[in-house]
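1. Sequence first, then the predicted structure:
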Amino acid sequence: MPGIQTITSAANPLLRDVRRAISRGERTAEGLSIAEGFHLLEEALRSGCEVPVVLASEACRETVERQVRGLSSTRVAVLSAPLFQSIASTETPQGVMALVRMPQWSTDQVFRGASLVVVIDGLQDPGNAGTIVRAAEAFGATGLLFLKGSASPYHPKTLRASAGSLFRLPFVAGLDAALAKATLRQHRVGVYAAMPFAPERRQATATDFVRRCAIIVGSEGRGISKELYGLGEDVVIPTTGVESLNAAVATSVLLYEASRQRREAGRLQARQERAV
């Protein structure tokens, strides 16, 4: 049975730390990420992440205790409904908030194997960033780079939008443009920059995503940063009736196309091997 603690004061040091982390969109002083909701708690546990503390409203106490039963390293802190509401970042909180120690990844893990890497370059909306992470896992990306000036992967909204993918998919955050360029060159990957539609640019279906590669996605306002522009080939998604797509949607389409090409290449190779 995990340890149980009741917190009654809004001035409790743990709650102050949690409020500060949420307001800044970062981790707590102990390096823990704020994961709100039952789904993220389940995903963190399923992914093998350490969950030192779970904050639970009184109404959710029994449910949370059942979820963490047998985890001697996890303690449950019980709060009244109004106190829980005062720290939650969502308008209608579910009454559970996990403090998760996320894995620490290296760039070698991000670029492992048949690399398919997403480089988030200045995209500041955490909801879009989290959606990209979710799509990256769904379509077989090997990892992500979050450049400086981009939404933090530790932001509670990024975590929520990723639906737990950030607990499993390797990523490295905080790189500046110069280091990102050096990293891409060091790992010898093809580089594609997602760009708005223009006839002279290569369309996604004509792009070789089978090779080891990275896709750079910039902010919707300014696009790819000048430091990274021209590093690789520009890639566009043909559209009808609209000038461009939301950054997360566009990245999802490109990742799907990469997944499709790689599946086709795998099937072709399998047929060739059977024919030998």
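-> It's in.
2. If you drop the residues flanking it in sequence, what lies closest to Leu169?
-> Leaving aside its chain neighbours, Leu169 sits nearest to Glu137 (4.8 Å; criterion: Cβ to Cβ, 6 or more residues apart in numbering). C-betas here are computed from N, CA, C, even on glycine.
3. give the contact list for the one you found.
-> Ser165, Arg168, Leu169 (Cβ atoms under 8 Å, 6 or more residues apart in numbering).
4. counting contacts, what elements does the strand or helix carrying Arg263 pack onto?
-> In this structure, Arg263 sits in helix 247-275 according to DSSP states H and E. Using 3 or more Cβ pairs under 8 Å, 6 or more residues apart in numbering; DSSP states H and E as the contact criterion, the elements in contact with helix 247-275 are strand 116-121, helix 126-138, strand 190-194, strand 213-218.
5. repeat that for 10 Å
-> strand 116-121, helix 126-138, strand 190-194, strand 213-218, strand 233-236 (3 or more Cβ pairs under 10 Å, 6 or more residues apart in numbering; DSSP states H and E).
6. between the ones you listed, which gets nearest to Ala29?
-> Closest to Ala29 of the helices and strands packed on helix 247-275, according to Cβ to Cβ: helix 126-138, at 20.5 Å.
7. downstream neighbour of that closest one in the secondary structure list?
-> strand 143-147.
8. from the middle of its chain, how far away would the next helix or strand after that next one be?
-> Following strand 143-147 in sequence order, the next helix or strand is helix 156-162 (DSSP H and E). Here helix 156-162 shows a centroid-to-chain-centroid distance of 7 Å under the convention Cα atoms, centre = their mean, to the nearest Å.
9. quick one on the thing from earlier: Serialize the helices and strands packed on helix 247-275 to JSON lines and add fields for distance to Arg263 and mean pLDDT.
-> Listed next are the helices and strands packed on helix 247-275 as JSON lines, based on distance: least, Cβ to Cβ, whole Å; pLDDT from 0 to 100:
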{"stretch": "strand 116-121", "distance to Arg263": "12", "mean pLDDT": "98"}
{"stretch": "helix 126-138", "distance to Arg263": "13", "mean pLDDT": "97"}
{"stretch": "strand 190-194", "distance to Arg263": "18", "mean pLDDT": "94"}
{"stretch": "strand 213-218", "distance to Arg263": "16", "mean pLDDT": "96"}
{"stretch": "strand 233-236", "distance to Arg263": "19", "mean pLDDT": "90"}
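10. So for Leu179, which of the ones you listed sits nearest?
-> strand 116-121 (11.6 Å).
11. before we move on, back to that, now the helices and strands packed on helix 247-275 in TSV, with distance to Leu41?
-> Shown next, in TSV, are those (distance: least, Cβ to Cβ, whole Å):
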stretch	distance to Leu41
strand 116-121	25
helix 126-138	17
strand 190-194	33
strand 213-218	29
strand 233-236	38
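12. For Ser73, find the nearest of the ones you listed.
-> The nearest among the helices and strands packed on helix 247-275, by Cβ to Cβ, is helix 126-138 at 26.0 Å.
13. Buried residues, the closest one. List them.
-> Within helix 126-138, the residues that count as buried by 16 or more other Cβ atoms under 10 Å are Pro126, Asn128, Ala129, Gly130, Thr131, Ile132, Val133, Arg134, Ala135, Ala136, Glu137.
14. quick one: average confidence on stretch 265-276?
-> Averaged over stretch 265-276, pLDDT sits at 85.
15. Now do it: everything it contacts.
-> Under the criterion Cβ atoms under 10 Å, 6 or more residues apart in numbering, residues Ala114, Asp208, Phe209, Val210, Arg211 lie in contact with stretch 265-276.
16. how about the residues you listed in a markdown table, adding pLDDT, neighbour count and distance to Val78?
-> Shown next, in a markdown table, are the contacts of stretch 265-276 (pLDDT from 0 to 100; neighbours: other Cβ atoms under 10 Å; distance: Cβ to Cβ, whole Å):
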| residue | pLDDT | neighbour count | distance to Val78 |
| --- | --- | --- | --- |
| Ala114 | 96 | 13 | 47 |
| Asp208 | 93 | 13 | 55 |
| Phe209 | 96 | 22 | 49 |
| Val210 | 96 | 17 | 52 |
| Arg211 | 96 | 14 | 53 |
